[in-house]
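# Need coordinates for the following:
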Amino acid sequence: MSLSERLEKDYLTAFKAKKTDEVAVLRMLKAAVKNKQVDLRRELTDSEILDVVAKQVKQRQESIDQFRAAGRIDLAEIEEREHLLLRAYLPTALSSQELEEAVAMTIQTLGASGMKDMGKVMNAIMGEHAGRVDGKELSALVRAKLSS
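Take a look at the predicted model:
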């Protein structure tokens, strides 16, 4: 089952079960996917839908951080529930050990030798492990490996 089919099926199931929170989150996600589809003027691949989901997850995480910093725990909890629902559509994230191994292997494969090669390494890993890697964590790890 493709990711778009899964989204539609989950939306209908939540709608029939009257799970208002889930329906709202899935409706928002479907709208974001539809907007991207309209922008590109074609059907989206599962990889492109994953990018949309990842972007939504990242937005939720940033909102959670901002709400907590402002002392708005009530709003942060709402965002956390939405964040959890959206994370279910992403593949499982790489562990820190798996990420370190991927970085080391990619650096060796590409023959990267310094900071000038950071973009190549980042793009290779992000392409190979789409939706499974946090960009900030990856950037810090690649920077540390290439600097030493």
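
# what packs against the host helix or strand of residue 58?
Residue 58 is part of helix 46-69 when elements are defined by DSSP states H and E. Counting contacts by 3 or more CB pairs under 8 Å, 6 or more residues apart in numbering; DSSP states H and E, helix 46-69 packs against helix 3-16, helix 20-40, helix 73-87. In short, each C-beta sits where N, CA and C put it, glycine included.

# Apart from its neighbours in sequence, what residue is nearest the residue nearest to the spatial centre of the chain?
The chain has residue 54 as the residue nearest its centroid, 2.3 Å off, counting by CA atoms, centre = their mean. Nearest non-adjacent residue to residue 54, counting by CB to CB, 6 or more residues apart in numbering: residue 131, 5.2 Å away.

# which SS class is that neighbour?
coil (DSSP: H, G, I helix; E, B strand; the rest coil).

# shift numbering so it begins at 44
Got it, first residue is 44 now, which makes that one residue 174.

# Surely it is in contact with residue 94?
Yes: contact between residue 174 and residue 94 holds when scored by CB atoms under 8 Å: they sit 7.5 Å apart.

# quick one: which of the two has more around it?
residue 174 (18 against 15; other CB atoms under 10 Å).

# got the contact list for that one?
93, 94, 96, 97, 133, 134 (CB atoms under 8 Å, 6 or more residues apart in numbering).

# Give me the distance between it and residue 156.
29 Å (CB to CB, to the nearest Å).
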